[in-house]
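**Student:** coords please:
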Amino acid sequence: MLTVRGLNAAYGSSQVLFGVNFALEAGSVTTLLGRNGMGKTTVVRCIMGLLHATAGTIRFNAREIQHLPSYAIARLGIGLVPEGRQIFPNLTVRENLVATAANYSHNSEPYDVDHVLSIFPKLAERLNHFGNQLSGGEQQMLAVARALMINPSVLILDEATEGLAPLIREEIWRGLTILKNKGQTILVIDKNLDALLRIADHHHIMEKGEVVWSGSSDALAQNEEIKARYLGV
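**Tutor:** Numbering: from 1, shown residues only. Predicted coordinates for the structure are as follows:
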């Protein structure tokens, strides 16, 4: 569904990505893992058209998208939950949800407000509250729900549970498990390895702008050397 091949990217004269390769299978949950500063968010920015690649290709449903503007990529059916949430602070929860609602993937049963509230029921209690009145965890739920409202074929989450309390993190993972069971294709960046090993199908570990290891949850769970080398603090 989404294939990244030979992806290079730079900020000014500083090259950050060096030939990144990976792919997402339809209906799967895939992770990008690695320590801070290894290039994971830069990959996401390239996929979403927020940073132009200097080399390589990004294909979505067999179409090259690396030269498209970000709004065109979103309209093709790629939804982003950005690092830092970036919800609209001066809009209510309901207004955040409907502001960009669409059915870009032409789903026969598209996500609507009631549907996303069934996945994140805590938001139902806060529908008329403004974005800046929500807790960090509620803002993250809203960011995920808002991304779903464009009915994406691929949902990307950058730092899905960063800075959230354990109980709120579990709410996010519960919601993502529901989405996986519905067949949603997901790419997630996070550091909560235990949760990712539970819900993800495929993992790609990045080190210094390259993918240095790829494999299944079972393979990663059993490989203590790889976890210590690339994911340990």
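
**Student:** Next, the contact list for the nearest residue in space to Phe60 that is not next to it in sequence, please.
**Tutor:** Closest residue to Phe60 apart from its sequence neighbours, by CB to CB, 6 or more residues apart in numbering: Leu2 at 5.3 Å. No exception for glycine: its C-beta is placed from N, CA and C like everyone else's. Leu2 is in contact with 23-24, 47, 58-60, 78, 154, 185, 187, counting by CB atoms under 8 Å, 6 or more residues apart in numbering.

**Student:** partner residues bridging Leu2?
**Tutor:** Residues in a beta bridge with Leu2, per DSSP bridges, are Leu24, Phe60.

**Student:** tell me which element Asn8 falls in.
**Tutor:** Assigned by DSSP states H and E, Asn8 falls within strand 2-11.

**Student:** and that strand, how far from the chain's centre?
**Tutor:** Computed by CA atoms, centre = their mean, to the nearest Å, the chain-centroid distance of strand 2-11 equals 16 Å.

**Student:** what comes up buried for that strand?
**Tutor:** For strand 2-11, burial by neighbour count (16 or more other CB atoms under 10 Å) applies to 2, 4, 7-10.

**Student:** thinking again about what came up before, ok, of the contacts of Leu2, which come out buried?
**Tutor:** Neighbour counting with 16+ other CB under 10 Å marks 24, 47, 58, 60, 78, 154, 185, 187 as buried within these.

**Student:** My guess is the fourth one contacts Ile78. True?
**Tutor:** Yes - the pair Phe60 / Ile78 is scored as a contact, 6.6 Å apart, by CB atoms under 8 Å.

**Student:** anything in contact with each of these two?
**Tutor:** If you check Phe60 and Ile78 against CB under 8 Å, 6+ apart, the residues they both contact are 2, 154.

**Student:** for the protein, which spans come out with low pLDDT?
**Tutor:** Scanning the chain for pLDDT under 70 picks out 233.

**Student:** Tell me where it has strands.
**Tutor:** Here the chain has its strands, by DSSP state E, at 2-11, 14-24, 29-33, 55-60, 63-64, 78-81, 154-158, 185-189, 202-207, 210-216.

**Student:** what's the closest of these to Gln140?
**Tutor:** With CB to CB as the criterion, Gln140 lies closest to strand 78-81 of the strands of the chain, at 7.7 Å.

**Student:** Partner strands of that closest one and their direction?
**Tutor:** When DSSP bridges is applied, strand 78-81 pairs with strand 154-158 (parallel).
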